[in-house]
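Novice: sharing a model that was predicted from the sequence below.
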Amino acid sequence: MIKRIAILLLALVVWTGTGLASVAFASTNGNNDEGINEKLGVPIVVYGETLTDEQEDEVRELLQVENRENVDEFYVDGQDIANYINGNPNSRMFSSVKITPQEQGEGLEVNIVTPDNITEVTKEMYANALLTAGVEDAIVDVASPVKVSGHSALTGIYKAYDSKGVKLDEDRMEVASEELDVATELAEKSGVDKEKVSQLLTEIKQEMADRNPATKEEIEQIVNDKLSSLNIELSEEDRQLLINLFEKMRALNINFDQVQKQLEDITSSVKDLLGDKGFWDKVSTFLQSIIQALAKFFNSLFG
C-alpha cells in the first residue's frame, strides 16, 4: 500500500514539474530581437509616475524593454487621470503599459504581464474598454510591480496615443473608463465571476451591432435578454448601471459592427477561461481527495 502511494506521489510530482517547466520555457523562449518596424513605428511605453527608480527598472524588464532607444517612453500621473477620465489628480500611479502597433486588421491583443498584481481588471475587461474607446490593431502589455486595481493603465494607454498625435474621442474614452468601473464593480460587489462579467459586456455589444437599437428601451431589452441567457442575477441598481452605460454608448453611435472579430475573440477567450476553471476545479478536488486519503492512512498508522 505504501509503495503504491509513493508511486502515485512521484508521478504527481513529475507531472507538476513537467507542466511548470513547459510554462517557464514558453515564457522565456520568445523572440524579442525583431528590430524596429519602420512602417508602424516603435512601441510606446508609459510608466506610472509613482514608481521608484528600482521599480521602473523592474517594469522595463517585465515589459521586455531591452533597448530604450527602440521604444518611445512617457510617464502618466494623477493630473493625466483628471484630464483624460475626470479622475482624482492626487492618484498614485503604478500600472504601466507597452503598446506595440499592429497592421490594420490584426486586431487588439491585451496581455497582463503581472496578473497577481493587477487585482481587479482582467485582460478581457481591458480589451472591451479599449474597443469602446476606439483603440484597435495593437498589442497592449500591462504590468505593475505592486498590487493595484489596474484602472490607471487605461489612462496610460490614452496618454500614449495622445503623445503620438493619435486623438481618441474624449466622450468614448470617458465611457470606456466608466465601463471598466462598472465591470469591476459587478465583479466585486455583485459576486459575478470576472469572466462572466466580460462575457456579458461583450455579448451586449455584439447584440447592439446586430440589432442597432434606436432607443433606451431597446437597450434595456438587450441587457435583460443577455442577463437571462447567461443566468446572471443582478439587483435593480446594478441592472440600471448596465442600461445607463450602454445607453451612453448608443448615444455616441459607437459602431461595434466594425470590431465584431475582436468581440468574438474576447467571447472565445472568456469561454475558454470558464471551461479551464471547471477543469482545474476538478483537478483541485481530485488532489484534495488524495491528501485526505493520505491523512487518513497515516492517522491509521500512528493514531
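Specialist: Thanks, I have the structure now. Quick caveat, the model's predicted, so the values are computed rather than measured.
Novice: outside of the strand or helix carrying A82, which residues touch it?
Specialist: Under the criterion of DSSP states H and E, A82 resides in helix 78-85. Helix 78-85 has contacts (C-beta atoms under 8 Å, 6 or more residues apart in numbering) with 49, 87-93, 152, 154-156, 158-159, 162, 173-174, 177. Bear in mind the C-beta positions are built from the backbone N, C-alpha and C, glycine included.
Novice: can I have the buried ones of those residues as a PyMOL selection?
Specialist: This is the PyMOL syntax for the buried subset of these, where burial follows 16 or more other C-beta atoms under 10 Å:
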select buried, resi 49+87+91+93+152+154+155+156+158+159+162+173+174+177
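Novice: all helices of the stretch 51-200 of the chain, in order?
Specialist: Applying DSSP state H, counting those that start in this stretch to the stretch 51-200 of the chain gives helices spanning 53-62, 78-85, 123-133, 152-163, 170-189, 194-211.
Novice: so what's N111 up against?
Specialist: With C-beta under 8 Å, 6+ apart, N111 has these contacts: 123, 139-142.
Novice: quick one: which of those residues is most hemmed in?
Specialist: Within these, most neighbours by other C-beta atoms under 10 Å means V142, with 26 neighbours.
Novice: list the contacts for that residue?
Specialist: Going by C-beta under 8 Å, 6+ apart, V142 touches 95-97, 110-114, 118, 123, 126, 150, 153.
Novice: could you rerun that using 7 Å?
Specialist: 95, 97, 112-113, 118, 126, 150, 153 (C-beta atoms under 7 Å, 6 or more residues apart in numbering).
Novice: output the below-cut-off pLDDT ranges for the stretch 201-303 of the chain.
Specialist: Across the stretch 201-303 of the chain, the ranges flagged by pLDDT under 70 are 258, 261, 273-303.
Novice: hmm, back to that, any chance of JSON lines for the helices of the stretch 51-200 of the chain, columns distance to N253?
Specialist: Listed next are the helices of the stretch 51-200 of the chain as JSON lines, based on distance: least, C-beta to C-beta, whole Å:
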{"stretch": "helix 53-62", "distance to N253": "37"}
{"stretch": "helix 78-85", "distance to N253": "20"}
{"stretch": "helix 123-133", "distance to N253": "12"}
{"stretch": "helix 152-163", "distance to N253": "20"}
{"stretch": "helix 170-189", "distance to N253": "10"}
{"stretch": "helix 194-211", "distance to N253": "11"}
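Novice: right, and the ones you listed - which one's nearest D238?
Specialist: Closest to D238 of the helices of the stretch 51-200 of the chain is helix 170-189 (C-beta to C-beta; 6.1 Å).
Novice: and the pLDDT for L180?
Specialist: On the pLDDT scale, L180 is placed at 93.
Novice: gap between the residue nearest to it when sequence neighbours are not counted and E218?
Specialist: Spatial nearest neighbour of L180, chain neighbours left out: A129 (4.7 Å); criterion: C-beta to C-beta, 6 or more residues apart in numbering. Note on A129: its distance to E218, by C-beta to C-beta, to the nearest Å, is 23 Å.
Novice: so between the two, which is more surrounded?
Specialist: Neighbours per residue, other C-beta under 10 Å: of A129 and E218, the larger number sits with A129, 26 against 15.
Novice: wait, isn't that one in contact with A176?
Specialist: Yes - with contact defined as C-beta atoms under 7 Å, A129 reaches A176; the gap is 4.3 Å.
Novice: between those two, which contacts overlap?
Specialist: Counting by C-beta under 7 Å, 6+ apart, the common neighbours of A129 and A176 are L154.
Novice: just give the closest residue to E203, not the sequence neighbours.
Specialist: Leaving aside its sequence neighbours, E203 sits nearest to K226 (C-beta to C-beta, 6+ apart; 5.3 Å).
Novice: and I266, by the same measure?
Specialist: I266 sits nearest to T202 (C-beta to C-beta, 6+ apart), 4.7 Å away.
Novice: which ones are touching that neighbour?
Specialist: T202 is in contact with 128, 263, 266-267, 270, counting by C-beta under 7 Å, 6+ apart.
Novice: out of those, grab the one that's most surrounded.
Specialist: N128 leads those on contacts (other C-beta under 10 Å) with 28 neighbours.
Novice: how far away is that one from N67?
Specialist: 32 Å.
Novice: swap in E49?
Specialist: Distance check for E49 against N67: by C-beta to C-beta, it reads 23 Å.
Novice: wait, what's in contact with the residue nearest to S95 when sequence neighbours are not counted?
Specialist: Nearest residue to S95, sequence neighbours excluded (C-beta to C-beta, 6+ apart): A153, at 3.9 Å. Counting by C-beta under 7 Å, 6+ apart, A153 touches 95, 97, 142.
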